[in-house]
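Enquirer: sequence first, then the predicted structure, then my questions.
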Amino acid sequence: MKKHEILNKILKILSNYLKINIIFGNNYEKDRMLLRGILNQCLNLKGIKEDFYILQDKLLRLELNEKTIISKKNLKFKNNIALYFGDITLIKSDAIVNAANDEYLGCFIPCHNSIDNIIQTYGGFQIRDELLTLKSLPDYERQFVKVTKGYNLPSKYIFHVAGPHIVDKITENDKNHLARCYTECLNKAKEMNLKSIALCCISTGVYNFDNALACDIAVDTVEKWLKDNKYDIKIIFDVFKEEDCILYERRLQTKAYKSKKID
C-alpha cells in the first residue's frame with residue numbers, strides 16, 4: 001500500500017471518529033499536514049478503530065525509510081561528546097531528549113515547529129498515550145524525567161524534561177534548573193544502562209533562555225557529569241539553529257555533522 005493510500009485511510013478513520021467532515025485526497029503534503037494538525041489537538045483517541053495505530057505506524061515507517069538515519073558511526077566523538085546539526089528524530093541512539101512543556105503531554109498547537117511537536121508527530125500518537133498513562137502512576141510527581149518508548153523513531157526511548165521559562169531576567173534558580181535537566185537525563189540514562197543519548201537545546205526556544213548561556217551550562221554540566229561518574233556513554237548534542245551550531249562548535253572545539261535542518 002502506498003503512502004497516500006494509507007494516509008487517506010487514516011484520515012477517513014479520524015473523520016468518522018471525530019464526527020467531522022475532512023476534505024482530503026488531492027495533495028499528499030497538504031493532507032499530511034492536515035493529519036499532523038488534527039492529531040496535535042487530540043488529548044486521546046479512546047475507542048478509535050485499532051486500524052488507526054496499525055496504519056499510522058506503517059505510514060511513519062515508510063516516511064522514515066525515505067530519510068537518512070543518523071547513527072553513531074556518522075559522528076565524530078571527542079571525549080565521548082559529538083555535535084549534530086539537524087533533525088533529532090533521525091538520530092539512532094538509546095535515547096533522545098525532548099524539551100517538553102509543563103503538562104508533559106506534548107504540544108497541542110497544530111503543526112507548531114517545536115521539538116515537542118515534531119517528536120510526537122514522527123514518533124506516533126502512542127507517545128501521548130503513554131504520557132497520559134504515566135500521569136496515573138503514584139510516583140509520577142517525583143519523576144523529573146518522564147520516559148517513554150521511541151515507537152516509530154530510530155531511538156529506543158524519549159526522555160521528556162521541562163526546562164525553565166524565562167519571563168524577565170535569568171535567575172540562579174533558572175540556571176540551576178537548566179543544569180538539572182541535563183544532569184537528571186544523564187542520571188536516568190545511567191540508571192537504565194543506556195550507552196548513547198542525544199541532548200537537545202532545552203529552553204532556548206519559546207522559553208527564552210539565552211542561547212549562549214544555555215550552551216555553556218549544557219556543556220559544563222555534561223563534562224562535569226562525565227568526569228564525576230566515569231560512565232561510558234556517547235553523548236550527542238543536537239542543534240537545529242545556525243546560532244546554536246556556531247556556539248557549540250566554538251565551545252566544543254569541533255565541527256558539527258550537518259544534516260537537513262528541521263523545516
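Expert: Received it, and whenever you're ready, just let me know what you need. In this text, all values refer to a predicted model and were calculated from it rather than measured experimentally. Numbering: from 1, shown residues only.
Enquirer: run a quick neighbour tally on Ile197.
Expert: Here the number of neighbours of Ile197 (other CB atoms under 10 Å) works out to 25. Heads up, the C-betas are built off the backbone N, CA and C, glycines and all.
Enquirer: now do the contacts for Ser259.
Expert: With contact set as CB atoms under 8 Å, 6 or more residues apart in numbering, Ser259 has these partners: Thr68, Ile70, Tyr84, Phe85, Gly86, Asp87, Leu90.
Enquirer: give the closest residue to Asp102 in space, chain neighbours not counted.
Expert: Nearest in space to Asp102, with sequence neighbours left out and distances taken as CB to CB, 6 or more residues apart in numbering, is Ala162 at 5.2 Å.
Enquirer: which helix or strand contains the closest residue to Asn152 other than its chain neighbours?
Expert: Counting by CB to CB, 6+ apart, Leu60 is the residue found nearest to Asn152 once chain neighbours are left out, at 4.0 Å. If you go by DSSP states H and E, Leu60 is part of helix 51-65.
Enquirer: flag every buried residue along that helix.
Expert: Residues Phe52, Tyr53, Leu55, Gln56, Asp57, Lys58, Leu59, Leu60 are the ones in helix 51-65 that count as buried (16 or more other CB atoms under 10 Å).
Enquirer: quick one: which of those residues is nearest Ile119?
Expert: Of all those, Ile119 sits closest to Leu60, with 12.0 Å by CB to CB.
Enquirer: ok, that closest one touching Gly150?
Expert: No - Leu60 lies out of contact with Gly150 (CB atoms under 8 Å); the separation is 11.2 Å.
Enquirer: which residues do the two both contact?
Expert: Joint contacts of Leu60 and Gly150 (CB under 8 Å, 6+ apart) are Gly123.
Enquirer: does Lys190 touch Ile233 like I think?
Expert: Yes - using CB under 8 Å, Lys190 makes contact with Ile233 at a distance of 7.1 Å.
Enquirer: more crowded one of those two?
Expert: Between Lys190 and Ile233, counted using other CB under 10 Å, Ile233 has the larger neighbour count: 20 against 15.
Enquirer: correct me, but the more buried one touches Asn80?
Expert: Yes - between Ile233 and Asn80 there is a contact at 6.6 Å, judged by CB under 8 Å.
Enquirer: and Lys67, what are its phi and psi?
Expert: With angles defined as degrees, to the nearest 10, Lys67 shows backbone torsions of phi -110, psi 170.
Enquirer: neighbours of it, how many?
Expert: 14.
Enquirer: which residues touch the closest residue to it other than its chain neighbours?
Expert: Residue nearest to Lys67 in three dimensions, not counting chain neighbours: Leu90, with 5.8 Å by CB to CB, 6+ apart. Applying CB under 8 Å, 6+ apart to Leu90 gives the contacts Lys67, Thr68, Ile69, Ile70, Pro154, Ser259.
Enquirer: which residues touch Ser15?
Expert: Going by CB under 8 Å, 6+ apart, Ser15 touches Asn21, Ile22.
Enquirer: average pLDDT for the helix or strand in which Phe237 is found?
Expert: Using DSSP H and E, Phe237 falls within strand 234-239. Mean per-residue pLDDT for strand 234-239: 98.
Enquirer: which residues sit against it?
Expert: 72, 75, 77, 80-86, 88, 91, 93, 96, 186, 195-201, 218-219, 222, 226, 245, 248, 252, 256.
Enquirer: so among those residues, which ones count as buried?
Expert: The neighbour-count test (16+ other CB under 10 Å) applied to these identifies 75, 81-86, 88, 91, 93, 96, 186, 196-201, 218-219, 222, 226, 245, 248, 252, 256 as buried.
Enquirer: which parts of the stretch 1-150 of the chain are helices?
Expert: Applying DSSP state H, counting those that start in this stretch to the stretch 1-150 of the chain gives helices spanning 3-18, 28-40, 51-65, 115-123, 126-134.
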